[in-house]
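Visitor: Please find the sequence and the predicted model below.
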Amino acid sequence: MSERKPAGRPVRVALLGCGTVGTEVVRLLHEQADDLTARVGAPVELVGVAVRRPNKHREVPAELLTTDAAGLIDSDVDVVVEVIGGIEPARTLLLAALRAGKSVVTANKALLAEHGGELFEAADASGADLYFEAAVAGAIPLLRPLRESLAGDRITRVMGIVNGTTNFILSAMDGTGASYAETLEEATQLGYAEADPTADVDGFDAAAKAAILASLAFHTRVTAADVHREGIASVTAADVAAARELGRAVKLLAICEREVDETGGEAVSVRVHPAMIPRSHPLAGVNGAFNAVFVEAEAAGQLMFYGQGAGGAPTASAVLGDLVAVARNRVVGGRGPRESAYADLSVRPMGQTPTRYHVSLDVADRSGVLAQVAAVFAEHDVSIAVVRQQGRGEDASLVVVTHSAQDSALQSTVDKIAGLPVVREVVSVMRVEGEES
Ligand SMILES: NC(=O)c1ccc[n+]([C@@H]2O[C@H](COP(=O)([O-])OP(=O)(O)OC[C@H]3O[C@@H](n4cnc5c(N)ncnc54)[C@H](O)[C@@H]3O)[C@@H](O)[C@H]2O)c1
Ligand SMILES: N[C@@H](CCO)C(=O)O
Ligand code: NA
């Protein structure tokens, strides 16, 4: 049996925040201490935990607790782990840590999606590491594969389910046929949705994650403000039923695509919206609070990453993985990947992004109606892929699925169709993803 080398000087770690994720980070650091020492080549020593209310943290040795996060960062620590969340004071604290050359591990997607550039610049100036695997899709190793494993490839598309709360709600609506409001209420009672579910159901959480994914995939700075965002509050039971009828499922997708225009110029499209995908697509089988991300790269082809995107222990697993990486870098010297934003591609407005629509209408069942509807599509230069019509008495149900067209043209088409006297009701309008256009 080979002998373990004697461990070097301890890597001193400060933890900021001790809530759902922080508590699990403390537990894993304690339970895995020997293994972590062996893997890093030095003990990983938790030297302080910054909290707001010290008397609420019986799981942490009292001598480690402090309410002075800035003072803790200023003390003799090598690595700062931030699991407070939100923009301030996390931004100021992490900038101070990075400027002082301390490596940072954070789970904070909101901060990275808004101020990632500023944090990376501070890290580069001092040579410190900035790792954030937990910020997107929790436990799922996704950012490290994008930043490192796929660094020699050319990523063309990242499409995923990156919010567990909304996926739980949409999966339940699909299973029961219930309305959005009823399902949200149930999800809140079961503890899947937070008391204030806005960040999840309105797509802010997924948009922050999409910005981070697009930045890494396309070597371009993308912020949350660049991301077109639609949540799930307007998804109706009729949308879910219409999808079902055509063998599709409704999912809230984060989509990051590399677009090449007629002149060969490149841009990126980054968006979060509900979409219908075929039930045969790998993302359609991702149910409940699970996350999954589908990556397409020129040489690698299609890759799928699946697992738990949230929860204390799963998220802490990603935090610990990053902590081991930055601690190893400290022990052996050197650092992990820097920000890679050299491609500096522009982000295309949603209106100019090619998408496909599924439109389900209640129309009058008489001659010429289909022709009138089809004429509006033609007028907007939108080509129709599928038409299905079913009569029921005076009315008929008409379903149209388009080929790919500019989103603004599709939107104008739907607006005009809604105003046709022969159209009694626009039952459902939703984008279609995950199949040939
Ligand atoms: N919970 C998850 O499943 C999950 C998954 C992925 C990423 N994240 C991210 O991890 C981070 C933490 O999430 P969480 O679920 O543990 O949140 P949480 O609300 O459970 O914990 C945050 C803790 O930080 C404390 N805090 C607030 N301000 C502070 C300050 N100035 N100094 C010290 N402590 C302070 C709060 O009192 C709280 O205990 C967030 O950025 C979140 O987006 C969470
Ligand atoms: N609220 C997020 C937690 C993980 O970021 C979700 O529902 O997926
Ligand atoms: Na992750």
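Guide: Perfect, I can see it now. Ligands and ions are numbered 1, 2, ... in the order given.
Visitor: For the helix or strand of the chain with the lowest mean pLDDT, list every residue counted as buried.
Guide: Here the helix or strand of the chain ranked lowest by mean pLDDT, DSSP states H and E is strand 384-392, holding a mean of 91. Of the residues in strand 384-392, none are scored as buried under the neighbour-count criterion (16 or more other Cβ atoms under 10 Å). For every residue, glycine as well, the C-beta is placed using N, CA and C.
Visitor: What strands line up against it, and which way round?
Guide: strand 395-402 (antiparallel) (DSSP bridges).
Visitor: name the helices or strands packed onto the helix or strand following the partner strand?
Guide: Next along the chain after strand 395-402, taking DSSP states H and E as the criterion, comes strand 405-406. Other helices and strands packing on strand 405-406, by 3 or more Cβ pairs under 8 Å, 6 or more residues apart in numbering; DSSP states H and E, are strand 354-364.
Visitor: What parts of the stretch 1-150 of the chain come near ligand 2?
Guide: Taking Cβ under 6 Å from any ligand atom as the criterion, the stretch 1-150 of the chain approaches ligand 2 at residues residue 138.
Visitor: should've said the stretch 201-350 of the chain
Guide: With the criterion set to Cβ under 6 Å from any ligand atom, the stretch 201-350 of the chain comes near ligand 2 through 205, 309, 310.
Visitor: Now for the last one: which residues touch it?
Guide: Translated: residue 310. Residues in contact with residue 310, defined by Cβ atoms under 8 Å, 6 or more residues apart in numbering, are 138, 164, 289, 291.
Visitor: Domain map for the protein?
Guide: Residue ranges for each domain of the chain read 11-138+312-332, 143-307, 352-432, as given by automatic domain parsing.
Visitor: could those be laid out in CSV, adding distance to residue 346?
Guide: Formatted as CSV, the entries for the domains of the chain read as follows, by distance: least, Cβ to Cβ, whole Å:
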stretch, distance to residue 346
domain 11-138+312-332, 16
domain 143-307, 5
domain 352-432, 11
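Visitor: Out of those, which is closest to ligand 3?
Guide: Between ligand 3 and these, the tightest spacing by Cβ to the ion is seen for domain 11-138+312-332, at 4.4 Å.
Visitor: Does ligand 3 have contacts with the closest one?
Guide: Yes - for domain 11-138+312-332 and ligand 3, the contact criterion (Cβ under 5 Å from the ion) is met by 133, 137, 318.
Visitor: Just confirm the first one contacts residue 141, I think it does.
Guide: Read that as residue 133. Yes - with contact defined as Cβ atoms under 8 Å, residue 133 and residue 141 form a contacting pair (6.7 Å).
Visitor: what about the helices in this protein?
Guide: Using DSSP state H, the helices found in the chain span residues 20-31, 33-40, 69-74, 90-99, 109-126, 143-144, 164-176, 180-189, 198-201, 204-218, 237-245, 312-332, 369-379, 407-418.
Visitor: Could you say which of these is packed most deeply?
Guide: helix 204-218 (a mean of 28; mean count of other Cβ atoms under 10 Å).
Visitor: Using CSV, write out every CA atom in it.
Guide: This file holds the C-alpha atoms of helix 204-218, laid out as CSV (Å, rounded to 0.1, in the frame of the first residue of the first chain):
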residue,chain,number,x,y,z
PHE,A,204,-35.7,35.3,-13.3
ASP,A,205,-33.8,32.4,-11.8
ALA,A,206,-33.6,30.5,-15.1
ALA,A,207,-32.6,33.7,-16.9
ALA,A,208,-29.7,34.3,-14.6
LYS,A,209,-28.6,30.7,-15.2
ALA,A,210,-29.0,31.1,-19.0
ALA,A,211,-26.8,34.2,-18.9
ILE,A,212,-24.1,32.2,-17.1
LEU,A,213,-24.4,29.2,-19.5
ALA,A,214,-24.3,31.4,-22.6
SER,A,215,-21.2,33.3,-21.3
LEU,A,216,-19.3,30.1,-20.8
ALA,A,217,-20.6,28.3,-24.0
PHE,A,218,-19.9,31.2,-26.4
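Visitor: and the angle from it to helix 164-176?
Guide: 110 degrees (axes from the mean of the first three to the mean of the last three Cα atoms, to 10 degrees).
Visitor: Count the residues that sit near residue 306.
Guide: Burial of residue 306 is recorded as 18 neighbouring residues (other Cβ atoms under 10 Å).
Visitor: Thank you, goodbye.
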